[in-house]
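Asker: Provided below are the primary sequence and the corresponding predicted coordinates.
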Amino acid sequence: MQVVLATWNAHKVREIREILADAPFTVVCLADLPPIPESPETGHTFAENALQKARFVAERIDGVVVADDSGLEVDALGGAPGVHSKRFTPEATHAANNHHLLERMDGKSERTARFRCCIAVVFGAEARTAQGSCEGTILTAPRGEGGFGYDPLFAPIELGGRSMAEASAAEKNAISHRGRAFRALPRLLSELGLLSG
């Protein structure tokens with residue numbers, strides 16, 4: 001069986017393929033298919049955006065589609081950037097977003113945050129969702145060279161003070177919001193009758 005991952009993000013594709021390396025299905029991404037336009041993201045929650053993206057692609061192909069939406073929720077910022085994590089600044093680059101986050105967190109003692117991910121699987125008219133999260137804190141300066149996005153500024157509880165960008169890919173995938181959400185994918189596929197358990 002083949003599952004289409006509804007994203008053009010190469011970092012995300014690599015990470016998800018590593019997370020699902022032992023899965024009993026093949027993961028292909030939009031870059032592997034004839035051109036499909038990028039889906040709008042107009043939802044107010046990660047689940048709404050994930051479902052919107054999965055349905056958008058499922059309307060254009062025949063098969064099983066999985067999409068995710070994820071982001072960083074910072075308690076001192078009232079949960080921001082949240083669903084706007086990718087576009088936290090007009091430039092919408094990792095560097096600009098990280099710089100803006102550090103500016104907004106300047107002088108704040110409350111630094112708790114979490115990465116959250118929601119995945120949505122769509123097959124025909126049926127849909128299922130699952131979520132994963134990773135609790136931690138926002139650092140005062142970026143650390144590490146790995147990962148992408150906010151990884152250099154986020155220190156998960158499980159890493160004992162190291163940033164997500166200082167973790168190996170295997171360490172990150174074991175504890176990350178995306179890893180936790182995507183490890184539920186075989187269960188969702190079974191619920192849809194697409195995998196035998």
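Answerer: Arrived safely, thanks for sending.
Asker: contacts and neighbour counts: CA atoms only from here.
Answerer: Will do.
Asker: Give me the three-state assignment for the most centrally placed residue in the chain.
Answerer: Geometric centre of the chain, nearest residue: Ser70, 3.9 Å, by Cα atoms, centre = their mean. Look at Ser70: counting by DSSP: H, G, I helix; E, B strand; the rest coil, its state is strand.
Asker: Look up how far Asp151 lies from it.
Answerer: Counting by Cα to Cα, to the nearest Å, the separation of Ser70 from Asp151 is 13 Å.
Asker: do Val83 as well
Answerer: Counting by Cα to Cα, the gap from Val83 to Asp151 is 16 Å.
Asker: Now do the contacts for the residue nearest to the centre of the chain.
Answerer: Ser70 makes contact with Phe46, Gly82, Val83, Ser85, Phe115, Arg116, Cys117, Cys118, Arg178, according to Cα atoms under 8 Å, 6 or more residues apart in numbering.
Asker: how does it look with 10 Å?
Answerer: Ser70 makes contact with 45-47, 49-50, 82-86, 115-119, 131-133, 177-178, according to Cα atoms under 10 Å, 6 or more residues apart in numbering.
Asker: Let me know the pLDDT of the residue nearest to Phe115 when sequence neighbours are not counted.
Answerer: Setting aside the residues directly before and after it, Phe115 is nearest to Leu72 in space (Cα to Cα, 6 or more residues apart in numbering), at 4.5 Å. Here the pLDDT value assigned to Leu72 is 98.
Asker: pretty sure Leu72 is touching Ser85, no?
Answerer: Yes. Counting by Cα atoms under 10 Å, Ser85 is a contact partner of Leu72 at 6.2 Å.
Asker: any common contacting residues for the two?
Answerer: Gly149, Tyr150.
Asker: who has more neighbours, the two?
Answerer: Neighbour totals were compared for Leu72 and Ser85, and Leu72 leads with 26 against 21 (other Cα atoms under 10 Å).
Asker: Could you report the distance from that one to Leu192?
Answerer: 30 Å.
Asker: what do you get for Thr89?
Answerer: Distance of Thr89 to Leu192, computed by Cα to Cα: 38 Å.
Asker: can you check Phe56 too?
Answerer: 19 Å.
Asker: what residues are up against the residue in the chain sticking out farthest from the centre?
Answerer: Using Cα atoms, centre = their mean, the residue of the chain lying farthest from its centre is Gly107. It sits 28.3 Å away. Each residue near Gly107 by Cα under 10 Å, 6+ apart is listed here: Thr140.
Asker: where along this structure do the helices fall?
Answerer: Here the chain has its helices, by DSSP state H, at 10-19, 46-58, 94-105, 169-175, 177-182, 185-191.
Asker: Check which helices and strands the first one sits against.
Answerer: So the one you mean is helix 10-19. For helix 10-19, the packing partners by 3 or more Cα pairs under 10 Å, 6 or more residues apart in numbering; DSSP states H and E come out as strand 2-5, strand 26-29, helix 169-175, helix 177-182.
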